[in-house]
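Engineer: Here's my sequence, what's the structure:
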Amino acid sequence: MKIKTSKGFALKLMSNMFQELNHNWLTSTVSWLIDDKYRTYKQLNKYLEEQVESGRSDGALLYIANKCKGKDVDETIINVLRYVKNNFTYKSDKINWDKTEYWAPVLEILKKKADDCDGLNTMVYVLARLAGVPQYLLYCAIGNVNSGGHFWCIYLSPKTGYKYAIDATYWYDGSSIYRRQKFRLTQEKYQRIWYVFNEEWAFK
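Structural biologist: Below is the predicted model of the structure:
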């Protein structure tokens, strides 16, 4: 299936993805604390851009991404999700890095084979991008789940036209796109989104 790739079409996709939430999504410049020890802040989209760029020059990540490529992007995103779930372990920043909040670079996460939700789902995002999933189909989200704040990915399937939670740490689901529930906000799982972003855009 041929997918349009213009920036205008991508922005339209984003608008359509979240219109049912009854929010006025605005492009924004959002900085987030990524290292509490050194009080380091980074723009959300720039953080992802840097991680993808570092992955493009790393043979190990490129090898993994190539192994995860499927017959189409729907299969690829699930292959990536399963790989991260099966090969990385969830660990809090305090245990893993001796910090309260730390968004580790993906190359550090690859060495440790462990991180928390922001690290493991950033790894999903980066591997998916390296494996050929276009950025306008894949976003990261920060918001509330029923246990507190969380970081996860949201994927828009070009075949079904629906969006899906892609999450290696919370309510993991390794089933194919066609067997997954469409993403929606509920009181039981994903409750609220604060920010949605990829390498180019940040929305709030």
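Engineer: buried ones in stretch 181-188?
Structural biologist: Within stretch 181-188, the residues that count as buried by 16 or more other Cβ atoms under 10 Å are residue 183. Bear in mind the C-beta positions are built from the backbone N, C-alpha and C, glycine included.
Engineer: what about it, distance to the chain center?
Structural biologist: Distance, stretch centre to chain centre, for stretch 181-188: 17 Å (Cα atoms, centre = their mean, to the nearest Å).
Engineer: Please renumber the chain so that the first residue is 15 from this point on.
Structural biologist: Sounds good: first residue 15 from here, last item stretch 195-202.
Engineer: Do me a favour and get the end-to-end distance for it?
Structural biologist: Taking Cα to Cα, to the nearest Å, stretch 195-202 runs 14 Å from one end to the other.
Engineer: contacts for it?
Structural biologist: Contact partners of stretch 195-202, identified using Cβ atoms under 8 Å, 6 or more residues apart in numbering, comprise 34-35, 160, 168, 176-179, 187, 204-207.
Engineer: Please check those residues and keep the buried ones.
Structural biologist: Buried among these (16+ other Cβ under 10 Å): 168, 177, 178, 179, 204, 207.
Engineer: Could you work out the most separated pair of the residues you listed?
Structural biologist: Largest separation among the buried ones among the contacts of stretch 195-202 by Cβ to Cβ: 178 and 207, giving 14.3 Å.
Engineer: quick one, what contacts residue 93?
Structural biologist: Neighbouring residues of residue 93 by Cβ under 8 Å, 6+ apart: 81, 82, 83, 84, 145.
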